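> Give me the fold of what follows.
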Amino acid sequence: QVQLVESGGGLVQTGGSLRLSCAASGSIVSENTMGWYRQAPGKQRELVATVTSGHVPNYADSVKGRFTISRDNAKNTVYLQMDSLKPEDTAVYSCNVREYRVVAPYQFDYWGQGTQVTVSS
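The predicted structure follows:
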């Protein structure tokens, strides 16, 4: 059973920085993508950033140039460095691991419990 444990959320002022971490325990299929999604009050969950097992990143346009995603495959951990934070970045940030399998179900998602990020103006 895969479990995701997130850390690093909190309260920060506009322009500040935070670093989120997500450690995955258990056996994960080697072909996978790790990433972060966020959900603000009254809004749908949206992708923030993902990174493949080959370290290829993908970012939402709203965070490009401000956020950096990375991963340590040996530790099954993904990080999100968030700089130049804005009030509109306020949300619950959830870690995701998506496995790509050779048998059905060919794609499977694991989710963390979420961590609150609040950016004050």
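
> Chain neighbours aside, what residue packs nearest to residue 70?
residue 79 (5.0 Å; C-beta to C-beta, 6 or more residues apart in numbering). Any C-beta I mention is one placed from the backbone N, CA and C, and that applies to glycine too.

> An error on my part: the question was meant for residue 2.
residue 26 (3.9 Å).

> Could you list which residues are in contact with the one you found?
The contact partners of residue 26, by C-beta atoms under 8 Å, 6 or more residues apart in numbering, come to 1-3.

> Partner strands of the strand or helix carrying the residue nearest to residue 70 and their direction?
Per DSSP states H and E: residue 79 is located in strand 77-82. Strands that pair with strand 77-82, judged by DSSP bridges, come out as strand 18-25 (antiparallel), strand 67-72 (antiparallel).

> Is it correct that residue 51 is in contact with residue 78?
Yes - the pair residue 51 and residue 78 qualifies as a contact (C-beta atoms under 8 Å) at a distance of 6.6 Å.

> what separates the residue nearest to residue 70 from residue 92, distance-wise?
Look at residue 79 and residue 92: by C-beta to C-beta, to the nearest Å, they are 18 Å apart.

> burial count for the residue nearest to residue 70?
18 (other C-beta atoms under 10 Å).

> Can you name every helix or strand that the very next helix or strand once past the strand holding residue 79 contacts?
Using DSSP H and E, the helix or strand that directly follows strand 77-82 along the chain is strand 91-100. Helices and strands touching strand 91-100, by 3 or more C-beta pairs under 8 Å, 6 or more residues apart in numbering; DSSP states H and E, are strand 3-7, strand 18-25, strand 32-39, strand 46-52, strand 77-82, strand 107-111, strand 115-120.

> who are the neighbours in contact with residue 70?
Residue 70 neighbours (C-beta under 8 Å, 6+ apart): 51, 55, 57, 78-79, 81.

> repeat for residue 100
Contacts of residue 100 (C-beta under 8 Å, 6+ apart): 29, 31-33, 106-107.
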